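**Q** Pasting a predicted model and its sequence here:
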Amino acid sequence: MENSKKKLYLYEALELRAEYDGRIKTLKDCLPETRRNRDRFSFSRSDDSVCRNSPDFDIVFARDELKKLEYKRRKLNNAIQKTNFDHQIDFKGEMLNLSESLEIRKALNLQIGELHEQVVNSAYQRIIYKEGRDIVEENEISYNENVKKLNETRLDFRDLNRKLRLSSFQKMIDFQDE
């Protein structure tokens with residue numbers, strides 16, 4: 001039973017990493033060097049105002065906490081990456097590790113955006129009025145072909161995304177949660 005406390009489901013690890021990112025950002029934003037850099041680029045700053053630390057804000061403690069959180073995030077990220085490389089899913093008859101699958105999902109998402117534009121553009125033909133007559137510029141790929149390609153890509157994305165999400169609820173990583 002003790003061993004289960006050392007493991008997280010992948011989805012829990014992803015949520016924890018996002019939380020660590022938020023906590024790290026908060027601590028960094030409280031540090032004086034970050035405030036100075038932010039003030040340099042801020043247009044609303046008043047040059048005659050001076051700030052001092054609040055009595056309950058300890059810079060040394062904040063820096064120590066930041067260092068601990070960055071270390072934990074690095075270790076957590078390594079455990080997530082190990083899981084992503086070690087576990088595989090079947091996508092369209094090919095076994096892919098989770099890392100490859102994430103790259104394919106990203107590419108499919110970009111392709112969906114490109115195909116969306118092609119569908120929108122192919123919904124109309126360009127007409128050029130020249131010397132008293134209309135010249136119709138035919139689309140390179142028909143509207144129906146573009147819609148079919150877009151729908152197929154969306155289905156592939158949905159299938160892959162569901163498999164990735166399912167894996168995140170099944171796969172465990174070695175990391176001690178707080």
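**A** Nice, thanks for sending it over. Numbering: from 1, shown residues only.
**Q** so residue 96 sits in a helix?
**A** No: counting by DSSP: H, G, I helix; E, B strand; the rest coil, one finds residue 96 to be strand, located in no helix.
**Q** how near is it to residue 72?
**A** Look at residue 96 and residue 72: by Cβ to Cβ, to the nearest Å, they are 29 Å apart. Using the backbone N, CA and C atoms, a C-beta is placed for each residue, glycine as well.
**Q** With residue 22 instead?
**A** Taken as Cβ to Cβ, the span from residue 22 to residue 72 is 13 Å.
**Q** can you confirm residue 128 is in a strand?
**A** Yes: secondary structure assignment places residue 128 in a strand (three-state DSSP).
**Q** Pull the number of nearby residues for it.
**A** Using other Cβ atoms under 10 Å, residue 128 has 9 other residues around it.
**Q** just residue 148 next, same as before
**A** As a burial measure, residue 148 scores 14 neighbours (other Cβ under 10 Å).
**Q** what helix or strand is it on?
**A** Per DSSP states H and E, residue 148 falls inside helix 143-170.
**Q** so what does that helix touch, helix or strand wise?
**A** The contact analysis (3 or more Cβ pairs under 8 Å, 6 or more residues apart in numbering; DSSP states H and E) places helix 143-170 against strand 7-9, helix 10-30, strand 88-91, helix 98-122.
**Q** and the third one, average pLDDT?
**A** Averaged over strand 88-91, pLDDT sits at 96.
**Q** to the chain's geometric centre, what's the distance from it?
**A** Taking Cα atoms, centre = their mean, to the nearest Å, one finds strand 88-91 lying 20 Å from the centre of the chain it belongs to.
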